[in-house]
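Trainee: Here is a sequence together with a model predicted from it:
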Amino acid sequence: MNDSSRVRDFAIISMFASIIFVMTFSPIGFIPLPWGMNATIIHVPVIIGSIVMGPRKGAFLGFLFGLASLIRATTTPNLLSFVFSPLIPLPGTGGGSPWALLICFGPRILVGMVPYYVDRFFKRMAAMSAKWHMASTFAAGMAGGMTNTLLVMGLIFLIFKDAYASVSGTSSDLVLGMIMAVVFAHGIPEALVAGVFTSAVCRILDSFMKRDSRV
């Protein structure tokens with residue numbers, strides 16, 4: 001890699017990192033849905049970075065996403081902040097859990113890797129049919145969104161089921177149903193939003209890159 005490529009990559013990573021932190025600590029990272037819920041788009045820069053720059057740099061952006069989530073959960077805690085920060089005590093206890101770091105960072109790092117491979121798979125299919133090429137970035141965006149939701153909620157169920165039940169005011173036996181409800185009510189809309197945004201932004205970036213290559 002030459003010096004100009006390093007400078008370009010550093011500039012792109014810095015841009016995505018700035019967007020991630022601005023989205024995390026401002027309302028623009030969330031889109032109100034018609035039925036009173038919010039879909040987050042904070043993971044979209046990570047997904048796009050994965051597609052554009054590859055899985056290693058995407059994983060780094062995912063780490064920054066996790067770091068931003070950790071800072072937000074610690075500095076502006078809510079009822080579920082113990083899930084993302086070991087510095088927030090679990091309900092009914094005097095301390096947090098180090099397992100929160102796994103939930104905070106693990107899924108987000110994978111969000112920076114999975115979309116790259118999904119996009120590559122669909123682009124290979126493009127040799128067989130043009131429609132696959134058009135679907136690649138949309139599918140990659142959806143895969144990134146669902147990776148975040150499924151892994152976060154799945155790990156919450158495995159690690160913090162009782163604590164989740166406590167803050168929800170319900171029994172542990174009902175937590176799985178609540179988790180599934182969140183996946184369907186929040187996860188699927190978020191994945192669709194991520195797919196649309198990723199496809200649109202990647203198309204714009206692709207046109208810019210093609211234009212720059214002709215200059």
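Mentor: Done, it's in. Numbering: from 1, shown residues only.

Trainee: tell me which element the residue nearest to residue 194 when sequence neighbours are not counted falls in.
Mentor: The shortest distance from residue 194 to any non-neighbouring residue, by CB to CB, 6 or more residues apart in numbering, is to residue 145 (3.6 Å). All C-beta spots, glycine's among them, are computed from the backbone N, C-alpha and C. In this assignment (DSSP states H and E), residue 145 forms part of helix 130-168.

Trainee: on that earlier part again, count of residues packed around the residue nearest to residue 194?
Mentor: Residues within reach of residue 145, counting by other CB atoms under 10 Å, total 29.

Trainee: Ok, residue 193 next?
Mentor: Residue 193 has 19 nearby residues by other CB under 10 Å.

Trainee: Same question for residue 8.
Mentor: If you count neighbours by other CB under 10 Å, residue 8 ends up with 13.

Trainee: Show me the residue sitting in the middle of this structure in space.
Mentor: Closest to where the C-alpha atoms of the chain average out (CA atoms, centre = their mean) is residue 43, at 3.2 Å.

Trainee: quick one: that one from residue 62, how far?
Mentor: Separation of residue 43 from residue 62 (CB to CB, to the nearest Å): 8 Å.

Trainee: shared neighbours of these two, which are they?
Mentor: Listed as contacting both residue 43 and residue 62 by CB atoms under 8 Å, 6 or more residues apart in numbering are 108, 111.
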